[in-house]
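Participant: got a structure for you, letters missing:
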(Lines give C-alpha, C1' and ligand atoms only; values in the text may rest on other atoms or scores of the structure.)
Protein backbone atom coordinates (compact mmCIF):
# COMPACT_ATOMS: atom_id res chain seq x y z
CA UNK A 1 0.00 0.00 0.00
CA UNK A 2 1.21 3.48 -0.86
CA UNK A 3 0.42 6.83 0.63
CA UNK A 4 -0.41 9.18 -2.21
CA UNK A 5 -1.48 12.49 -0.73
CA UNK A 6 -1.05 14.46 2.46
CA UNK A 7 -3.74 17.03 3.11
CA UNK A 8 -3.21 18.88 6.38
CA UNK A 9 -6.24 20.18 8.26
CA UNK A 10 -5.45 23.43 10.03
CA UNK A 11 -7.57 25.02 12.74
CA UNK A 12 -8.33 28.72 12.39
CA UNK A 13 -10.24 31.37 14.33
CA UNK A 14 -12.29 32.79 11.44
CA UNK A 15 -12.88 30.39 8.57
CA UNK A 16 -14.53 32.97 6.31
CA UNK A 17 -11.46 35.22 6.66
CA UNK A 18 -9.16 32.26 5.95
CA UNK A 19 -11.13 31.25 2.87
CA UNK A 20 -11.04 34.82 1.56
CA UNK A 21 -7.28 35.08 2.11
CA UNK A 22 -6.36 31.78 0.48
CA UNK A 23 -8.83 32.15 -2.41
CA UNK A 24 -8.73 35.89 -3.13
CA UNK A 25 -5.09 36.59 -2.29
CA UNK A 26 -3.23 33.30 -2.88
CA UNK A 27 -5.28 31.90 -5.75
CA UNK A 28 -6.73 28.76 -4.15
CA UNK A 29 -10.19 27.49 -5.08
CA UNK A 30 -12.73 26.19 -2.59
CA UNK A 31 -13.56 22.62 -3.62
CA UNK A 32 -15.73 21.78 -0.63
CA UNK A 33 -17.16 23.24 2.54
CA UNK A 34 -19.45 22.24 5.36
CA UNK A 35 -21.73 24.48 7.41
CA UNK A 36 -24.37 26.85 6.17
CA UNK A 37 -24.57 29.80 6.34
CA UNK A 38 -21.36 29.86 8.39
CA UNK A 39 -18.86 27.22 7.26
CA UNK A 40 -16.91 25.29 9.89
CA UNK A 41 -14.79 23.26 7.46
CA UNK A 42 -13.43 23.78 3.94
CA UNK A 43 -11.19 22.12 1.39
CA UNK A 44 -9.02 24.39 -0.79
CA UNK A 45 -6.84 23.53 -3.78
CA UNK A 46 -4.31 25.20 -6.03
CA UNK A 47 -1.91 23.60 -8.52
CA UNK A 48 -2.39 20.17 -6.96
CA UNK A 49 -1.82 21.45 -3.42
CA UNK A 50 -4.69 20.62 -1.08
CA UNK A 51 -5.40 22.15 2.31
CA UNK A 52 -8.29 21.69 4.70
CA UNK A 53 -9.28 24.19 7.39
CA UNK A 54 -11.70 23.95 10.26
CA UNK A 55 -13.02 26.44 12.78
CA UNK A 56 -13.25 24.89 16.25
CA UNK A 57 -15.26 26.64 18.97
CA UNK A 58 -13.66 29.97 19.97
CA UNK A 59 -13.19 28.87 23.58
CA UNK A 60 -11.12 25.88 22.47
CA UNK A 61 -8.96 28.01 20.17
CA UNK A 62 -8.36 30.48 23.03
CA UNK A 63 -6.76 27.67 25.05
CA UNK A 64 -3.93 27.22 22.54
CA UNK A 65 -0.58 28.70 23.52
CA UNK A 66 -0.09 32.09 21.87
CA UNK A 67 3.13 31.05 20.09
CA UNK A 68 2.06 27.54 19.05
CA UNK A 69 2.04 28.44 15.36
CA UNK A 70 5.58 29.83 15.48
CA UNK A 71 6.92 26.27 15.42
CA UNK A 72 4.92 24.92 12.48
CA UNK A 73 5.87 25.65 8.88
CA UNK A 74 4.08 24.61 5.71
CA UNK A 75 6.61 24.54 2.87
CA UNK A 76 5.53 24.86 -0.77
CA UNK A 77 7.65 24.24 -3.87
CA UNK A 78 6.52 26.58 -6.66
CA UNK A 79 8.09 26.21 -10.09
CA UNK A 80 8.86 29.96 -10.20
CA UNK A 81 9.54 31.25 -6.70
CA UNK A 82 10.79 34.62 -7.97
CA UNK A 83 7.67 35.19 -10.07
CA UNK A 84 5.39 34.19 -7.20
CA UNK A 85 7.26 36.48 -4.82
CA UNK A 86 7.04 39.41 -7.25
CA UNK A 87 3.32 38.86 -7.89
CA UNK A 88 2.42 38.71 -4.22
CA UNK A 89 4.69 41.59 -3.26
CA UNK A 90 3.13 43.71 -6.02
CA UNK A 91 -0.29 42.71 -4.67
CA UNK A 92 0.73 44.11 -1.28
CA UNK A 93 0.97 40.82 0.61
CA UNK A 94 3.43 40.88 3.54
CA UNK A 95 6.05 38.57 2.03
CA UNK A 96 9.60 38.51 3.34
CA UNK A 97 12.50 39.33 1.05
CA UNK A 98 13.79 36.55 -1.19
CA UNK A 99 16.90 34.89 0.17
CA UNK A 100 19.20 32.05 -0.83
CA UNK A 101 19.86 29.65 2.03
CA UNK A 102 22.88 27.54 2.91
CA UNK A 103 20.71 24.50 2.05
CA UNK A 104 20.47 25.76 -1.57
CA UNK A 105 16.92 27.03 -1.62
CA UNK A 106 15.73 30.42 -2.89
CA UNK A 107 12.82 31.16 -0.61
CA UNK A 108 10.48 33.62 1.08
CA UNK A 109 7.86 33.49 3.79
CA UNK A 110 4.36 34.71 4.40
CA UNK A 111 2.07 34.43 7.42
CA UNK A 112 -1.62 33.88 6.89
CA UNK A 113 -4.23 35.79 8.95
CA UNK A 114 -4.03 33.18 11.73
CA UNK A 115 -0.24 33.39 11.94
CA UNK A 116 0.39 30.12 10.11
CA UNK A 117 3.84 30.15 8.47
CA UNK A 118 3.77 29.56 4.73
CA UNK A 119 7.22 29.19 3.16
CA UNK A 120 7.86 29.02 -0.57
CA UNK A 121 11.12 27.73 -2.00
CA UNK A 122 12.88 26.50 -5.11
CA UNK A 123 16.23 24.79 -5.43
CA UNK A 124 19.12 26.91 -6.66
CA UNK A 125 22.88 26.77 -7.20
CA UNK A 126 23.23 30.48 -6.35
CA UNK A 127 25.53 31.38 -3.44
CA UNK A 128 23.78 31.90 -0.09
CA UNK A 129 22.58 35.36 0.88
CA UNK A 130 21.44 34.21 4.33
CA UNK A 131 23.49 32.53 7.04
CA UNK A 132 20.73 30.52 8.67
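Facilitator: The structure has been received and is ready for your questions. Just so we're clear, the structure is a prediction, and the values are computed from it rather than from any experiment. Numbering: from 1, shown residues only.

Participant: show me the contacts for residue 131.
Facilitator: Listed by Cβ atoms under 8 Å, 6 or more residues apart in numbering, the contact partners of residue 131 are residue 102. Yep, even glycine has a C-beta here, placed from its N, CA and C like the rest.

Participant: same check, this time on residue 77
Facilitator: 120-122.

Participant: Just the buried residues of the residues you listed.
Facilitator: Buried subset of these (neighbour count, 16 or more other Cβ atoms under 10 Å): 120-122.

Participant: Tell me where the protein has helices.
Facilitator: 15-20, 58-62, 81-90 (DSSP state H).

Participant: can you list the ones you listed in TSV and add mean pLDDT and mean neighbour count?
Facilitator: Below are those laid out as TSV (pLDDT from 0 to 100; neighbours: other Cβ atoms under 10 Å):
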stretch	mean pLDDT	mean neighbour count
helix 15-20	96	17
helix 58-62	77	9
helix 81-90	97	15
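
Participant: For residue 34, see how far away the residue most central in space within the chain is.
Facilitator: By Cα atoms, centre = their mean, the chain has its centre lying nearest to residue 118, at 3.9 Å. Counting by Cβ to Cβ, to the nearest Å, the gap from residue 118 to residue 34 is 24 Å.

Participant: Also residue 40?
Facilitator: Applying Cβ to Cβ to residue 40 and residue 34 gives a distance of 6 Å.

Participant: returning to that earlier point: may I see the helices of the chain arranged in TSV, with distance to residue 49 as well?
Facilitator: Putting the helices of the chain into TSV (distance: least, Cβ to Cβ, whole Å) gives the following:
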stretch	distance to residue 49
helix 15-20	15
helix 58-62	24
helix 81-90	12
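
Participant: could you list every residue that touches the closest residue to residue 50 other than its chain neighbours?
Facilitator: Using Cβ to Cβ, 6 or more residues apart in numbering and skipping residues adjacent in sequence, the residue nearest residue 50 is residue 7, 4.4 Å away. Residues counted as contacts of residue 7 (Cβ under 8 Å, 6+ apart) are 43, 50-52.
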